[in-house]
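1. Provided below are the primary sequence and the corresponding predicted coordinates.
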Amino acid sequence: MPGVPQVLLLGPVRVEVDGTDAEIPPRARMLAARLAVSAPRVVPNDVLIDELWGEEAPASVRKSLHKYVWELRSHLGDGAVVTEGPGYRLAAGTDIARLDDLVAAARLAMAEGRPAEAAPLLNEALDLFRGRPLQGFDDIGFAADEARRLDEVRISVEEDLAEVELDLGRHTAAAERLDHLVAENPLRERLVAALMTALYRGGRHAEALAVYRRHARLLGEELGLEPTPQLAELEERILVHDRALVLGSPSTERETAVSSALVRPVTASIAVLPFADLSAGQDQGYFADGVAVEVIRMLSRLDGVRVASRGSSFAYRDSPLDIRRVGTELGVTSVLEGSVRRQDDRVRITVGLTDVLDGFQTWGETYDRALDDIFSIQEDIARSVMQAMSVRLETGAGPRSTAPSTAAYDLYLRGMHHFYRGGLGYTKQAIFLFEEATRIAPNYCLALAGLADAYSFLHLYYEPNREYLLAAESYGERAVGVDSEMAETNASLGFALGAAGRYDEARVHFDRALTLPGGTFETSYLYGRTLFCAGEIQEAANMFARAVSIRPEDFHAAALLAKTLAAVGQKERALAIQRRVYDLVDYHIRLVPDDARALGDGAVALVVMGRVGEGMEWAKKAVAADDSPMPYYAASAIALAGQTEAALDALEQVIRAGWSHHDFLKNDPDWTSLHGHPRFEGLMARLG
C-alpha cells in the first residue's frame, strides 16, 4: 500500500518503503521478520533475544536490540515499531496479513457458492508468494517454523483454487496446476481427488485411474493407511463412467470427490443409526437408543465386521438422511435403521438394512413381542444383519445378551443414556441408575463396568476425588470377578487403575481385554490414553493407530494419534493425520455445531496446518462452553498458536470445571513450550 511501510516474508525477507527496498542490515531485517510473524501482537524482549541470538547472545544484547529497533524506525518511521511494556509490536503492513485477508474472503465466497468471485482472490493470494517464505533466514528457528506454516497455507490455497477451477469447468487448467502439486505432495488426498476429477472430466480416464493406484501404493508404504472412502468411491465412479461425475453439481463434487475423511472399509462394515422413538408419549428415547447401542455392542464383539462408533452414527440423529452419503462419510458398506414403539409390556421394533453402494434394502423385519423378549429380539437382529451381509459366524460365536432381567436392563439403558450425555449432573445420575440396576441384579457385569467407568470419568473430568478412584477400582474388580472373559470388564478395570496412576496393573487388564471378543476400539482407545499418561508415548501411538484402523471415522482417536506421533518426532506423518482430523471434524460440527471436543481437535489440526486464524476461531467457540472440561483441546490449540496467556486462561478454566489429567498434560507435546512458565507450573501443581 502506498505510504505504508511493508515487511514482506513470502519469499526473501524484504522491507519496503513506498515500494522501494530499504537497505537494512541483516539482523534488523531479522527483527522485522520476527515482529511481522506476530503482528499486531507484542513480542517480549526476552523472546526476541532468545530467538534472534540464542545461546550466542552477548552481554550487551539488549543494547543491540535497541539499536536494531532504532534502525527499523529510522527507515520505516517512528510509528512502525511500537514499544509496549517489555516488548515491541509491528505497526507496519505485512504480506502475510494481506494473504490472510484474501484467503478468508475467498473461502467465504466458496462457502456461499460464488466460485467466480473466489478464483481471482485465490490467484492474488498465490501471487504474493515470491519464492520460499523467509528465504535467507532458513537456519533460524522461528523463521523455519513460520516458513513451514506458510508453505502449508500456500498448498491449502492451491487446493482451494483447484476446487474452484473444477466448479467453473476449467478442467484442463486445473489438471495442469494439480499435476505438479501432486508430484510435490503425493500424500495429500484432496489434491489427488481433484487431479483425478480434472483428468476424468478432460477425457483422460486411464491417467485418472493411474493417479489413484499410485497414491494408494504410496499411502500404504508411507502411513500404513488406505485411501479414503471418498477417493475409493471416486475411483469406482470413474471405472463405471458415472455420468454424474461430469455433470454433477459443484457442491456435490466438493463433498464427495475432493474432501478426505476416512479409511475405505476392507471388510464388511456397518453403521447402526439411532432408532426412532415412536411410542405414544415420545418418552422412550433412552430405550430406543439403548436397543441400537446394544446391537452395536453385539456386532462389535464379532469377527469379520467393522462397526462404526455410537458417537459417529448418532451424530446423524437430527439430520436429513441420505443413506449412500452416510455410508460414504462413515466408510461403511451397510447402514441399519430402526424404530421402537413401546407400550406397557409390549414392544414393536422395525429395522431395515441398506446396502450403501446401490441404495437398496437388503433385509428388513418387524418384531412385535412381549417386552421380556427384548434380548432375543436384539440377538436376532444382530444375527440377521450378519447373514444379510454374508458374514460367516463361527459355531458358538453368535451375538448374546448379558442382561439378567428386563428391569435391570431398563435401568442400565437409562444410565447409559445419561452417561453418554456427559457433564457432572448426568454422570451422577448415571451412577444412581447403574447402582439401581445392580441392586436388582448384583452380578450384572455391564452395569458394574458402567459404574467403574462413570466413577473414573467423574474423577478425571468433573470432581477429582480419591473416593471416586477407589469406587471405580472396586466396581471394576467386581465386574471382572463376575465375567473375566469379557473385554468390557477388563478394559473398565484397566481404565480405573490407570486413572489412579497404577499403570503397570492397568496394563495387565488392557492386555487381557485385547485378546477377548469386543476388545477392539474402546479397549485400544482407553489403553492408548493410559499409556500416554504413563509416558509410554510410542506404545500409545501404536494403540491409537490400532483404534483408528478399527474406527477411522472417530476424529478424537485420530487427533490423539497425531498428537502422539508429533511427540515422538514423526512430524510429517502427524501432519498427514491432522489433515484427516480436520476433514472429519469439519463434517461432524455441521451435525453437532457446539461439540467442544470436536472444535478443539479441529482447532489443533488447523493450527498445525498453518491456518491459525481459523483455528483460533474454532478454539474460541469451544472455550465458550465454560461448564465443560472438553475445551482442554481448544486450550492446546491456543498454546500451539503461541498465545500463552490466552492458553493458560483456557487451561485454568477447564481445571476449574474439574479436568484433572495431570500426567496427560505433563506428556502433551502441545504444551511443551510452556514448561517452566510460572503460571503453567502452578496449574500443574494444582493438578498434582
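-> Sure, I can see it.
2. quick one, longest helix in the chain?
-> Here the longest helix in the chain is taken by residue count, with DSSP state H as the criterion, and it is helix 141-167.
3. How are the helices of the stretch 401-550 of the chain distributed by residue range?
-> In chain order, the stretch 401-550 of the chain shows helices spanning 406-421, 424-440, 445-457, 466-482, 487-499, 503-514, 521-533, 537-550, with DSSP state H, counting those that start in this stretch as the criterion.
4. Check which element follows the helix or strand bottoming out on mean pLDDT in the chain along the chain.
-> When the helices and strands of the chain are compared on mean pLDDT, DSSP states H and E, helix 250-253 comes out lowest with a mean of 38. Moving toward the C-terminus from helix 250-253, the first helix or strand encountered (DSSP states H and E) is strand 268-272.
5. Which elements pack onto that next one?
-> helix 285-300, strand 305-307, helix 310-314, helix 323-330, strand 334-343 (3 or more CB pairs under 8 Å, 6 or more residues apart in numbering; DSSP states H and E). In short, each C-beta sits where N, CA and C put it, glycine included.
6. Walk me through which strands it pairs with, and which way each runs.
-> Taking DSSP bridges as the criterion, strand 268-272 pairs within the sheet with strand 305-307 (parallel), strand 334-343 (parallel).
7. what comes up buried for the last one?
-> So that's strand 334-343. If you call a residue buried by 16 or more other CB atoms under 10 Å, then strand 334-343 has these buried ones: 334-342.
8. In the stretch 351-500 of the chain, where is pLDDT below threshold?
-> Across the stretch 351-500 of the chain, the ranges flagged by pLDDT under 70 are 391-403.
9. count of neighbours near Val326?
-> 22 (other CB atoms under 10 Å).
10. about what we covered before: quick check: of the buried residues of strand 334-343, which lies closest to Arg34?
-> Taking CB to CB as the measure, Val335 is the one of those closest to Arg34, at 52.7 Å.
11. hang on, Tyr316 in a helix?
-> No - Tyr316 sits outside any helix when classified using DSSP: H, G, I helix; E, B strand; the rest coil, being coil.
12. right, and Thr350 touches Gly338 too?
-> Yes - counting by CB atoms under 8 Å, Gly338 is a contact partner of Thr350 at 6.2 Å.
13. hmm, back to that, output the strands paired with strand 268-272 as CSV; include the columns mean pLDDT and distance to Phe129.
-> Converted to CSV, those look like this (pLDDT from 0 to 100; distance: least, CB to CB, whole Å):
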stretch, mean pLDDT, distance to Phe129
strand 305-307, 80, 42
strand 334-343, 90, 44
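14. Can I get the ones you listed in JSON lines including distance to Leu640?
-> Rendered in JSON lines, the data for those read as follows (distance: least, CB to CB, whole Å):
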{"stretch": "strand 305-307", "distance to Leu640": "32"}
{"stretch": "strand 334-343", "distance to Leu640": "37"}
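15. Nearest to Ala605, out of the ones you listed?
-> Between Ala605 and the strands paired with strand 268-272, the shortest separation by CB to CB is 24.0 Å, and it involves strand 305-307.
16. Centre of the chain to that closest one, how far?
-> In terms of CA atoms, centre = their mean, to the nearest Å, the centre of strand 305-307 is set 21 Å apart from its chain centre.
17. just stretch 312-323 next, same as before
-> Averaging C-alpha coordinates over stretch 312-323 and over its chain gives two centres that are 18 Å apart (CA atoms, centre = their mean).
18. Which positions within that stretch qualify as buried?
-> With burial defined by 16+ other CB under 10 Å, the residues of stretch 312-323 counted as buried are 312-316, 323.
19. how close does Ala641 sit to Gly613?
-> 9 Å (CB to CB, to the nearest Å).
20. and the two? which has more neighbours close in?
-> Counted by other CB under 10 Å, Ala641 and Gly613 do not tie: Ala641 has more neighbours, with 21 against 14.
21. distance of the more buried one from Pro40?
-> For Ala641, the distance to Pro40 equals 15 Å [CB to CB].
22. which stretch among the helices and strands packed on strand 268-272 comes nearest Leu683?
-> Ranking those by proximity to Leu683 (CB to CB) places helix 310-314 first, at 29.0 Å.
23. And the closest one, what does it pack against?
-> Packing contacts for helix 310-314, counted by 3+ CB pairs under 8 Å, 6+ apart, involve strand 268-272, helix 285-300.
24. what about 10 Å?
-> strand 268-272, helix 285-300, helix 323-330, helix 406-421, helix 555-567, helix 571-591 (3 or more CB pairs under 10 Å, 6 or more residues apart in numbering; DSSP states H and E).
25. From the rest of the structure, what touches stretch 51-71?
-> By CB atoms under 10 Å, 6 or more residues apart in numbering, the surrounding residues in contact with stretch 51-71 are 22, 24-35, 37, 43, 45-46, 48-50, 78, 81, 83, 88, 137, 140-143, 145.
26. So Glu226 sits against Ser549, correct?
-> Yes - using CB atoms under 10 Å, Glu226 is in contact with Ser549, at 9.3 Å.
27. which neighbours do Thr350 and Gly338 share?
-> Where contact means CB under 10 Å, 6+ apart, the residues bridging Thr350 and Gly338 through contact with each are 275-276, 364-367.
28. Can you pick out the most distant pair from those residues?
-> Comparing all pairs in the shared contacts of Thr350 and Gly338 by CB to CB, the longest separation belongs to Ala276 and Glu365, at 15.7 Å.
29. Could you export stretch 607-623 as PDB, keeping only the C-alpha atoms?
-> What follows is stretch 607-623 as a C-alpha-only set of coordinates in PDB (Å, rounded to 0.1, in the frame of the first residue of the first chain):
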ATOM      1  CA  VAL A 607      -3.100 -24.600  13.700                       C
ATOM      2  CA  VAL A 608      -0.800 -27.400  12.700                       C
ATOM      3  CA  MET A 609      -1.900 -27.000   9.100                       C
ATOM      4  CA  GLY A 610      -0.900 -23.300   9.300                       C
ATOM      5  CA  ARG A 611      -4.500 -22.000   9.300                       C
ATOM      6  CA  VAL A 612      -4.000 -20.300  12.600                       C
ATOM      7  CA  GLY A 613      -6.700 -17.600  12.300                       C
ATOM      8  CA  GLU A 614      -9.400 -20.200  11.600                       C
ATOM      9  CA  GLY A 615      -8.100 -22.500  14.300                       C
ATOM     10  CA  MET A 616      -8.400 -19.700  16.900                       C
ATOM     11  CA  GLU A 617     -12.000 -19.000  15.800                       C
ATOM     12  CA  TRP A 618     -12.800 -22.700  16.400                       C
ATOM     13  CA  ALA A 619     -10.900 -22.600  19.700                       C
ATOM     14  CA  LYS A 620     -12.800 -19.600  21.000                       C
ATOM     15  CA  LYS A 621     -16.100 -21.200  20.200                       C
ATOM     16  CA  ALA A 622     -15.000 -24.300  22.200                       C
ATOM     17  CA  VAL A 623     -13.800 -22.300  25.100                       C
END
